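A.B. asks: kindly generate the corresponding structure for this input.
(chains A and B)
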Number of protein chains: 2
Amino acid sequence: MDGGKKTPEEPFAMRGLKEQLRAFFEPDGVVVIGASRTEGRPGYCAVENLVRLGYRGRIYPVNPEADEILGLKAFPDIESIPDRVEFAIVLAPAAEVMGLVPRLASKGVKAVTLVSGGFSEYSRQGAILESQIVEAARKAGIRIAGPNAVGPINSSNNLSVFLGPLPPLKKGAIAIVGQTGQVCSSVIEWMGSALRQGVSKVVDLGNKADIDDSEVVEYLADDPETKVIALHIEGMKNGRRFLEVARKASQKKPIVCYKSGWSEEGSRAAASHTGSIMGSKQVIDAALKQSGVIRVRDMDSFLEISKAFAYFNPPKGNRIGIVTLSGGSGVMAVDTCVDVGLQLAELSQETRRRLGKIQPPDLEVSNPFDVGKASVVLYGPDRAYKEVTQALIDDENTDCVLIVSGAVQGKTVYVPNPEVFTEVTNEHHKPIVAALAGTDLELTWEQSSILEANGILAYPWPERAVRALGALREYGIYLSGSR
Amino acid sequence: MDGGKKTPEEPFAMRGLKEQLRAFFEPDGVVVIGASRTEGRPGYCAVENLVRLGYRGRIYPVNPEADEILGLKAFPDIESIPDRVEFAIVLAPAAEVMGLVPRLASKGVKAVTLVSGGFSEYSRQGAILESQIVEAARKAGIRIAGPNAVGPINSSNNLSVFLGPLPPLKKGAIAIVGQTGQVCSSVIEWMGSALRQGVSKVVDLGNKADIDDSEVVEYLADDPETKVIALHIEGMKNGRRFLEVARKASQKKPIVCYKSGWSEEGSRAAASHTGSIMGSKQVIDAALKQSGVIRVRDMDSFLEISKAFAYFNPPKGNRIGIVTLSGGSGVMAVDTCVDVGLQLAELSQETRRRLGKIQPPDLEVSNPFDVGKASVVLYGPDRAYKEVTQALIDDENTDCVLIVSGAVQGKTVYVPNPEVFTEVTNEHHKPIVAALAGTDLELTWEQSSILEANGILAYPWPERAVRALGALREYGIYLSGSR
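C.D. replies: Below is the predicted model:
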């Protein structure tokens, strides 16, 4: 099914999936049908993002009334475009789309994002039109994302097909596959700003009339830029095929899935906007799990857990070492460890000896190791945190480590300078996460950046940090059980 | 038990709880035993916070080697203090605390926060010493918070007894009752900065050797500055008494409770740091629920749900109206509504008529009402959002409203200016929450501030916003069932 070579003129059916989706993610150029000169309009933003974010390909705005849009030559119609071009974004009214298909095909277009609404998500007539368009496109050798979709985004070539103003693309290891433009756009912006994390590719599949999750997941499983596939789905049209693809793909890289539209009401709402059909929650959830898919239940987990997979491979086991500044945060962490199946490591003799030296002699060495009991006062927070963290990482009985600290305004004897963690080595590449335990938003953000530059993933609260470790562990169990 | 008049010389047993805790929250002055001149030390921060945050009472630093600390006259010992004073914070080593009790009593001290560790959280000997100190203090007419505690904080008089640098106190309606200084401090800072929310009072009860949750909750139930009691507990020493107090207090105001230390491991970790004893999860959870306590499961919910209660009274029923910009976010919202027992409102004829005018005539009026389908394009996001929101609020069939929007960089045709919501009226005071659906952290923060200034509580994601409404509704059900 894969691996067709690029032979632009061969008939559609002969080209492999990889080549079909390559035209979508890595086209030689982009036609914008419905380009606009009016700032803020979708057809303006579509061109503006490509220009401003520096798309490395040709751009052909089509607008019958404009000579130039954003400094680019505009074309009155498709026929006036002098070159062949592989990709088009179509913002035309639903009724005009069918007529565009052969005209786009005649210019060599192989992939289209159909932005227009008014199809299966809108009315029964729209659904009929939708399937007619897909049929015509297939015959013409064109794959369609959508309708009712935006994208794609590819941070490798700055392809940035979007209808609202995008921030500069931050390159990263996470591919986002969504079903709603607004969700995709929120994810990109929030992940980039709140979570300091970039993306490899972003796809919004909208109504999934043609290109579907299965195909995109299969493609991304072999995409070298992508380490994690973060998938938001409301409905699947061919669940069995998806599960088969997911099972194979999750052997190669983790798939984090936020499935929404569970409830009868949610399912009805989903049907009305993408025309999808859903199965029962238990059945789908169990089937996804069996295929190695990491299921999450809300946007926060979706983003945070995807990010964890971008940082770490799964831990080898479920044994955690915890250093904490306060018993209270340690207790929250331990509660969550139990919830997600992590177990407090039984520290080795060597670690007990090392940790015994960094606290008063009459205290027992325990896990969580509470540096706030005396170590930070006796030895200072920098030394206490650095030595305890290193000892926990080095212990052969730990598979992952949690650092509970704090980000405090001004000077204090309690909280380490995050720079001290540059001196920590992690030769077995165990996942190390930190909880900065809240405090000021801005400072937490800054200190998190420093920790993450050193390979320690930072969260505001211990529960979130531990849940991310739990997801990593779940994937590790799946991999070891299925190989 | 309550309401004793202030008669400083009457014996301890005769003074009511209100008067005893008044000396703790509203003392005429503060003695700092263990005040330090060294920046960053706990004994320095303790004085520094009082001075910098403008505590409206007298401050007496005690340090045998200093004449002056932070511009305040320092005293070599308790005896040198010329005045009577009601409150002391004690940072002395555990072994010296017993000797301080009669000396503090002789100066009129009625309440002490015992910061020192080395008691029941540390060793068996420490536990014995702890109970001896409490016994001596009781005989001397002194109530103790702790040991192993900090606080209190009172935003009415800027009493700010804390060992790390505090941000300026933001006055608010939430009282925080905690068991760990670091958790309390994280809560204050994160709530103030990330959630834009202030506190009325903050108490850390540490080992709870004397003053316990029951007493503080009873006190806060009658505190006019406090609208919500946010309680973090690991263990209760007298659960039956607590439940009785909570049942009465929750008739007056909501109690949001984050109970940690559930797991056997967490419980052991909790015991080692506060000496608390725990019951089984199911039993405690059910008992708390029966007493009207809103239970939350992590720090995010703890803070966000407490904040919701600071904004709103419970909705009268469970019927929600939703306006959304995107089907996808609407689906997430609806899923969560079902999880928390909210139900999509059956919109009235009048509302259907009003909403019919703000979308194309061939579309049905539905709830969630998706303005992104056409309304924002036809009428602009400001008008579409304003009119739809107002119609949903005015509908007699809705009890609460969720606005799903977005915060987007630059100009766009999709997202409303948050200022438009100043024109929305909410005469029945229904809870109205908004989900800005992620996007840029800073912009989300700014736009959330604008919405909140207009009485619309803002969250980044719909799931969180709906969970907060669910908690409000849970409390409403409790109140109506128990009255």
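A.B. asks: ok, A:Ser214 - contacts?
C.D. replies: Contacts for A:Ser214 (C-beta atoms under 8 Å, 6 or more residues apart in numbering or on different chains) come out as A:Asn238, A:Arg241, A:Phe242, A:Glu244, A:Val245, A:Ala246. Every residue, glycine included, has its C-beta placed from N, CA and C.
A.B. asks: ok, now with 6 Å
C.D. replies: A:Arg241, A:Phe242, A:Val245 (C-beta atoms under 6 Å, 6 or more residues apart in numbering or on different chains).
A.B. asks: tell me which element it is part of?
C.D. replies: helix A:213-221 (DSSP states H and E).
A.B. asks: how far does that helix sit from its chain's centre?
C.D. replies: 14 Å (C-alpha atoms, centre = their mean, to the nearest Å).
A.B. asks: show me where pLDDT drops low in chain A?
C.D. replies: Low-confidence segments of chain A (pLDDT under 70): A:1-15, A:263-279, A:407-413, A:438, A:482-483.
A.B. asks: partners of the longest strand along it in the sheet?
C.D. replies: Counting residues, the longest strand found in chain A (DSSP state E) is strand A:171-178. Next to strand A:171-178 in the sheet, as set by DSSP bridges, lie strand A:199-204 (parallel), strand A:228-233 (parallel).
A.B. asks: now the angle from the last one to helix A:213-221?
C.D. replies: Which is strand A:228-233. 170 degrees (axes from the mean of the first three to the mean of the last three C-alpha atoms, to 10 degrees).
A.B. asks: now what about strand A:228-233, what contacts it?
C.D. replies: A:174-178, A:183, A:213, A:217, A:220, A:254-259, A:306, A:309-310.
A.B. asks: show the residue spans covered by the helices in the stretch 351-483 of chain A.
C.D. replies: Assigned helices in the stretch 351-483 of chain A, in chain order: A:375-379, A:381-394, A:441-453, A:462-482 (criterion: DSSP state H, counting those that start in this stretch).
A.B. asks: show me what the third one is packed against.
C.D. replies: Using 3 or more C-beta pairs under 6 Å, 6 or more residues apart in numbering or on different chains; DSSP states H and E as the contact definition, the elements that helix A:441-453 packs against are strand A:457-459.
A.B. asks: elements contacting the strand it packs on?
C.D. replies: Against strand A:457-459 (3+ C-beta pairs under 6 Å, 6+ apart) you get strand A:432-435, helix A:441-453.
A.B. asks: kindly recompute the last result at 8 Å.
C.D. replies: helix A:299-311, strand A:432-435, helix A:441-453, helix A:462-482 (3 or more C-beta pairs under 8 Å, 6 or more residues apart in numbering or on different chains; DSSP states H and E).
A.B. asks: tell me the strands beside it, with direction?
C.D. replies: Assessed with DSSP bridges, strand A:457-459 is paired to strand A:432-435 (parallel).
A.B. asks: chain center to the partner strand: distance?
C.D. replies: The answer for strand A:432-435 is 20 Å, by C-alpha atoms, centre = their mean.
A.B. asks: show residues contacting that strand.
C.D. replies: Contacts for strand A:432-435 (C-beta under 8 Å, 6+ apart): A:308, A:329, A:333, A:389, A:393, A:400-405, A:424, A:426, A:448, A:451, A:455-462, A:464-466, A:468-469.
A.B. asks: span of stretch A:53-71 from start to end?
C.D. replies: End-to-end distance of stretch A:53-71: 14 Å, with C-alpha to C-alpha, to the nearest Å as the criterion.
A.B. asks: please apply the same query to stretch A:38-58.
C.D. replies: End-to-end for stretch A:38-58, by C-alpha to C-alpha: 21 Å.
A.B. asks: before we move on, back to that, most tightly packed of the helices and strands packed on strand A:457-459?
C.D. replies: For the helices and strands packed on strand A:457-459, the largest average neighbour count (mean count of other C-beta atoms under 10 Å in any protein chain shown) is found in strand A:432-435, namely a mean of 26.
A.B. asks: number of residues surrounding the residue nearest to A:Gln390 when sequence neighbours are not counted?
C.D. replies: In space, and not counting its chain neighbours, A:Gln390 is closest to A:Val424: 5.3 Å by C-beta to C-beta, 6 or more residues apart in numbering or on different chains. A:Val424 has 20 neighbours, counted by other C-beta atoms under 10 Å in any protein chain shown.
A.B. asks: tell me which element the residue nearest to A:Ala221 when sequence neighbours are not counted falls in.
C.D. replies: Leaving aside its chain neighbours, A:Ala221 sits nearest to A:Ala249 (3.7 Å; criterion: C-beta to C-beta, 6+ apart). Applying DSSP H and E as the criterion places A:Ala249 in helix A:239-252.
A.B. asks: packing partners for that helix?
C.D. replies: helix A:213-221, helix A:281-290, helix A:462-482.
A.B. asks: so the longest one, near chain B or not?
C.D. replies: Yes: Helix A:462-482 comes into contact with chain B when judged by C-beta under 8 Å from any C-beta of the partner chain, the residues involved being A:Pro462, A:Glu463, A:Arg464.
A.B. asks: contacting residues around the last one?
C.D. replies: When contacts are counted by C-beta under 8 Å, 6+ apart, A:Arg464 is found next to A:Asp300, A:Glu304, A:Ala435, B:Asp298, B:Asp300.
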